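Peer 1: give me a 3D structure for the following:
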Amino acid sequence: MASLFFLLLLSLALSSAESKTFWADVEALKEFKNSVHADSVSPGSCLSSWDFSLDPCDSLFGERFTCGFRCDLVISGSARVTELSLDQAGYSGSLSSVSFNLPYLQTLDLTGNYFTGQLPDSLSHLTRLTRLALSRNSFSGSVPGSIGSITGLEEVLLDNNRLEGPVPANFNGISGLKRLEMQFNNLSGEFPDLGSLKNLSYLDASDNRISGRVPSSLPESLVQISMRNNFIGGTIPESLNLLNSLQVLDLSHNRLSGSIPSFIFTHSSLQQLTLSFNRFTSVQSPWYSPSGLPSQLIAVDLSNNEIQGILPLFMSLLPKLSALSLENNKISGMIPTQYVWKTVSPGSYFAPFERLLLGGNFLFGAIPGPLMELKPGSANVQLAGNCFFWCPTTLFFCQGRDQRPFMECRKFRGVIP
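Peer 2: Numbering: from 1, shown residues only. Sure thing, here's the model as predicted:
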């Protein structure tokens with residue numbers, strides 16, 4: 001009964017009111033009030049003020065019950081209520097003045113509604129909360145630091161709102177946190193140190209306005225880091241090599257620069273690496289032998305940077321790498337034989353290049369014969385927009401744009417004969 005009570009209060013206080021109450025709603029409210037034991041209704045409470053001698057919604061400024069607009073909303077329950085879920089229920093309104101008082105609540109899920117305004121500090125009253133899901137609303141203002149005092153939280157989902165300001169530093173105190181999603185907001189400033197969150201496995205702070213550098217202190221428990229589409233600069237910190245569970249790293253669409261360090265390609269667990277749309281100028285080559293490299297990488301995207309030099313030979317020796325994009329850089333030279341055989345005739349130890357995107361560079365010379373024999377659908381290869389002397393658009397891997405003009409190719413550092 002307590003669960004129904006606070007859900008009804010929430011819906012009355014936050015939904016838009018018409019001038020008259022629908023008759024069936026009045027009857028339902030009457031039935032609800034009559035079903036509550038009189039001893040459990042406090043004098044002066046919102047429920048005790050309900051008087052159905054008048055239409056509840058007919059006078060919003062009266063002294064009697066008017067659909068909750070005259071009541072200070074306190075979401076509470078005397079029973080051991082553990083879950084409040086309004087996932088995609090179509091509710092709207094502001095929670096900024098709501099006082100949460102549900103001492104046993106473990107899950108608060110308001111995902112996919114139309115709530116607006118600032119997040120209330122009273123969320124900190126939910127001391128037993130383990131899951132806070134406020135995704136896909138229109139909440140604004142800053143992220144309350146009081147959330148960081150709910151030390152039992154395991155999931156904090158604040159994505160797809162209009163939140164701004166910095167990520168509270170005291171989030172580092174949520175020791176049990178496993179998942180933190182803050183993508184698609186307007187958060188800014190440097191990302192805080194989260195090194196103490198020993199259980200954090202998923203971090204997504206993409207599509208914000210976060211600046212500074214990639215955090216150098218991150219939990220070793222992280223499996224996925226997504227911080228794409230921000231204003232993060234600097235280089236990739238060596239400390240990422242210590243994240244022995246990391247499988248996905250996406251830092252695309254930022255302002256990272258310098259050289260991509262070699263350790264990232266021999267990381268013990270990393271499978272997907274996305275560093276596209278940055279300002280990297282070079283790739284450090286790890287030490288390798290013809291027998292291959294110790295690497296778990298399956299997909300690497302370094303496209304749309306400013307990388308110069310020849311195609312990194314070691315890429316063809318990554319045994320599990322099947323998708324490589326180096327499009328739209330400043331790479332020159334010829335296509336190495338190792339790239340060709342990994343595409344057309346891989347060995348039993350090496351996975352084939354199912355996607356090899358090299359367009360928009362300054363590669364020159366003749367396209368290797370085995371590549372010329374590729375049929376559409378056999379592999380996704382892209383060589384358009386380079387400096388090959390013959391790459392007709394009748395070949396599927398030459399389609400999309402023409403080869404660069406001869407004079408443009410000649411001007412590129414004079415390396416093209």
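Peer 1: domain assignment for the chain?
Peer 2: What automatic domain parsing lists as the domains of the chain is 1-72, 80-231, 261-417.
Peer 1: I'd like the ones you listed laid out as a markdown table, including mean pLDDT.
Peer 2: Formatted as a markdown table, the domains of the chain follow (pLDDT from 0 to 100):
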| stretch | mean pLDDT |
| --- | --- |
| domain 1-72 | 55 |
| domain 80-231 | 91 |
| domain 261-417 | 90 |
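Peer 1: any chance of a markdown table for those, columns mean neighbour count?
Peer 2: C-beta: built from backbone N, CA, C; applies to glycine. Output for those, formatted as a markdown table (neighbours: other C-beta atoms under 10 Å):
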| stretch | mean neighbour count |
| --- | --- |
| domain 1-72 | 14 |
| domain 80-231 | 18 |
| domain 261-417 | 17 |
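Peer 1: so for residue 239, which of those domains sits nearest?
Peer 2: Residue 239 sits nearest to domain 80-231 of all these, at 4.9 Å, using C-beta to C-beta.
Peer 1: centre of the chain versus the closest one, how much separation?
Peer 2: Remark: domain 80-231 is offset 12 Å from the chain centroid, using C-alpha atoms, centre = their mean, to the nearest Å.
Peer 1: tabulate the domains of the chain (TSV), appending distance to residue 245.
Peer 2: Converted to TSV, these look like this (distance: least, C-beta to C-beta, whole Å):
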stretch	distance to residue 245
domain 1-72	38
domain 80-231	5
domain 261-417	6
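Peer 1: between those domains, which gets nearest to residue 237?
Peer 2: Comparing the domains of the chain by C-beta to C-beta, domain 80-231 comes nearest, at 4.3 Å.
Peer 1: now do the SS call for residue 124.
Peer 2: Classification of residue 124 by DSSP: H, G, I helix; E, B strand; the rest coil places it in helix.
Peer 1: how about it, what does it touch?
Peer 2: Contacts for residue 124 were tallied using C-beta atoms under 8 Å, 6 or more residues apart in numbering; they are 144, 146-147, 149-150.
Peer 1: which one of those residues is nearest residue 234?
Peer 2: residue 147 (28.1 Å).
Peer 1: go ahead and confirm the closest one touches residue 123.
Peer 2: Yes. Between residue 147 and residue 123 there is a contact at 5.9 Å, judged by C-beta atoms under 8 Å.
Peer 1: which neighbours do the two share?
Peer 2: Common neighbours of residue 147 and residue 123 (C-beta under 8 Å, 6+ apart) are residue 132.
Peer 1: all helices of the stretch 301-417 of the chain, in order?
Peer 2: Secondary structure of the stretch 301-417 of the chain by DSSP state H, counting those that start in this stretch: the helices cover 337-344, 369-372, 406-411.
Peer 1: just put the ones you listed in CSV and tack on distance to residue 187.
Peer 2: Converted to CSV, the helices of the stretch 301-417 of the chain look like this (distance: least, C-beta to C-beta, whole Å):
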stretch, distance to residue 187
helix 337-344, 40
helix 369-372, 45
helix 406-411, 41
